[in-house]
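1. Fold the following, please.
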Amino acid sequence: MMDKLDFLREVRPFDRIPPEDLADLLHHLYEKRFRPGTLIVKKGEEPEPALFLIRWGLVKVFIEKEEREVVLGYRGEGEVLGEETFITRGPYPYSAQAVEETLIYCLPWEGLSRLMEKHPELYQKLSKLIGRRMASIYEDLPRVLPGEAQAGVMDTSLLRQRVGDVLREKELVLAREDMSVEEGARLMREESVDSLVVMREGRPVGIVTDRDMVTRFLAAGRERATLGEIMTPDPLTIGINDFAYQALLLMLRHRVRHLIVVDDGGRPIAILTQRELLHSKTEDILELTDRTAQARSIEELRDTHRQVPVIIEALIADNASIREICEVVTEFNDLVISRVVDISLEELEAQEGPPPAPFCFMVFGSGGRREQTLRTDQDNGMVFVVQEGDGDADGYFQRLAERVVSGLEACGFPLCPGKMMATNPLWRRSLDSWEKGLREWFLHPSREVMLKTSMFFDLRGVYGDKGLVDRLWEIIFEYVKSYPGFVARMGKSSAEIKPPIGLFGRFIVEKSGEHKNAIDIKLRGCLPIVEGVRSLALVEGIRDTNTFDRIESLAQVGTLSRDMADELLFTYQFLLSLRIRNHLQLLGEGKPLHNHVDPSLLTKRERQILKDSFASIYRLQQLVVAKTEAVFLPD
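-> Model prediction:
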């Protein structure tokens, strides 16, 4: 028995459970031995009611598709099998076979459940393990099992496939920078391609497409030109083993239709076009974004933006992670915002001429963090440079802001109730004015300032001169060092929203009103994590604005332990998933969207995870207050 106990105490997530609490589990433990080649579990079969812990040996995890065996990975000593079925009670999602002589410790579900009632953190750690395992499985499946889109559901296969899977088999066609356009056109015809990669000293320096030849050579009325003169310089690259959705995001972010595909050594091997990502589908995400990018009116943009719920439902159906969903939706929203600014600027330029100074249109809050989902209020601002002789620059940008904010509202972005929009002079300033305003905030960190400015520190440039936003971040971090009392006040403020758990572990819910017996998941769950992590990121000088990225960066610098970072990543994803699921349900029922969730409508295990999540938030808040106060207090 001691041998089994010693082994169990070395295996996560049992390593922190007191030995006396493992006694009942060990009493009901039983063993199974498997010879090489023996099937341990089979995909689709009802599970044995036990968690399988590998004592020694090697196990292959795989699935079969059309008489092909697809290996998902191998598991050895100290690893588990069947953890998914313990949570879902559903059939095995994969098969497992002994590669060599293998001994399995079988831990009955009943004993595990009793142990988890006494140690709720055990369930959370097991859930995190499942999340990682299933994420890796879903990442690998599309590469080897490209599936068919369900009827009536937007195709999102590019989000789960690798670049190499969607790339057509064709050789890259290279050309010299000094090659004439006529020679380049002949080369395209001979090789049956619509683009050339322009090389200089063995590296790609540009791309020339047949469209470039028409618009930059023929339509321009030029008689002679080289490829170097009409190419798009500094081409973007994507790795052949990167996910196709990363190529999608890169195209959206930089508004291009071609990417150079490179191998693991960085050598160019092909061109990936938007057409290849589109396949022949007519209603998938890239085609939708293409329509958005080409929209010439607010009405057209409104129609495409209405498809956001369709995108989210399709991504969920395709097993996309919460983080992927938020990132794709945010990129789509960025594209809509950019087109609204474009259209508004064209209208204003026709009346008053071009902008009098460089400017950048910024977003704050969930937009700045790249964490947008269904209901996204406008949280935006502007920064511009006032130069001598610019005249009434603010007046021009005020009129531009009014057009943009009105256009975004027409597209389905509600106005911010707190007026955190570029139409408000507080959020539309020259760079000098921003610097002065920030200094005032840092000098006088009142409660009102905290409430008014917290979302500002997620700022991200969307349109225009993003170097101005870089300068704002430089100013912010200069002031963080100079006025540490500000982050101390911010840290304390972030901990004021207490997790809704009572003395005896009961949920604290709304007592009356429209949302009686419910909890505001955004206010009581997501927001404390966002604000606490944001405060720590400012202390550490971390420029990331995305909450997931901030957590990872805080773990890298040692502010968060690896265990605590994993715990927060899991907690934040879980809370966001509850919020998105709630929004989709309300949307389907034709009801106004809100963030209130009734815990009694969740499953027993979801309620347990929710309680564990609030416990994680409490631990984060304690750490945030300690870390931010330490910056302020002298040694």
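
2. got a pLDDT number for residue 125?
-> Reading off the confidence values, residue 125 has pLDDT 62.

3. for residue 433, same thing?
-> pLDDT, read off for residue 433, is 95.

4. So it belongs to a helix, correct?
-> Yes: secondary structure assignment (DSSP: H, G, I helix; E, B strand; the rest coil) places residue 433 inside a helix.

5. mind listing what it touches?
-> With contact set as Cβ atoms under 8 Å, 6 or more residues apart in numbering, residue 433 has no partners. Quick note: C-beta positions are derived from backbone N, CA and C, even for glycine.

6. And it, how far from residue 595?
-> Separation of residue 433 from residue 595 (Cβ to Cβ, to the nearest Å) stands at 34 Å.

7. Confirm residue 383 sits in a strand?
-> Yes: applying three-state DSSP, one finds residue 383 inside a strand.

8. going forward can the numbers begin at 367, since that is how I track them
-> Sure, I'll start counting at 367 from here, so that last one is residue 749.

9. Now do the contacts for it.
-> Residues in contact with residue 749 (Cβ under 8 Å, 6+ apart) are 725-726, 728, 795-797, 800, 834-835, 838.

10. Residue 904 now?
-> Contacts for residue 904 (Cβ under 8 Å, 6+ apart) come out as 823, 842-843, 846, 853, 856.

11. how about the nearest residue to residue 393, chain neighbours excluded?
-> Using Cβ to Cβ, 6 or more residues apart in numbering and skipping residues adjacent in sequence, the residue nearest residue 393 is residue 477, 7.8 Å away.

12. quick one on the thing from earlier: now secondary structure and neighbour count too, for the contacts of residue 749, in JSON lines please.
-> Shown next, in JSON lines, are the contacts of residue 749 (DSSP: H, G, I helix; E, B strand; the rest coil; neighbours: other Cβ atoms under 10 Å):
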{"residue": "725", "secondary structure": "strand", "neighbour count": "26"}
{"residue": "726", "secondary structure": "strand", "neighbour count": "24"}
{"residue": "728", "secondary structure": "strand", "neighbour count": "27"}
{"residue": "795", "secondary structure": "strand", "neighbour count": "22"}
{"residue": "796", "secondary structure": "strand", "neighbour count": "21"}
{"residue": "797", "secondary structure": "helix", "neighbour count": "19"}
{"residue": "800", "secondary structure": "helix", "neighbour count": "22"}
{"residue": "834", "secondary structure": "helix", "neighbour count": "20"}
{"residue": "835", "secondary structure": "helix", "neighbour count": "19"}
{"residue": "838", "secondary structure": "helix", "neighbour count": "20"}
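
13. Using JSON lines, lay out those together with distance to residue 940.
-> Converted to JSON lines, these look like this (distance: Cβ to Cβ, whole Å):
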{"residue": "725", "distance to residue 940": "39"}
{"residue": "726", "distance to residue 940": "35"}
{"residue": "728", "distance to residue 940": "30"}
{"residue": "795", "distance to residue 940": "38"}
{"residue": "796", "distance to residue 940": "42"}
{"residue": "797", "distance to residue 940": "40"}
{"residue": "800", "distance to residue 940": "36"}
{"residue": "834", "distance to residue 940": "37"}
{"residue": "835", "distance to residue 940": "31"}
{"residue": "838", "distance to residue 940": "33"}
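
14. Residue 839: neighbouring residues, count only.
-> Look at residue 839: counted by other Cβ atoms under 10 Å, it has 16 neighbours.

15. Need the per-residue pLDDT for it.
-> According to the prediction, residue 839 has pLDDT 97.

16. go on, the one 4 residues further on?
-> Listed pLDDT for residue 843 reads 95.

17. Are we agreed that it is in a helix?
-> Yes: assessed with three-state DSSP, residue 843 lies in a helix.

18. show me where the stretch 667-816 of the chain has helices.
-> For the stretch 667-816 of the chain, helices defined by DSSP state H, counting those that start in this stretch occupy the ranges 674-683, 688-718, 731-735, 759-777, 797-809, 813-819.
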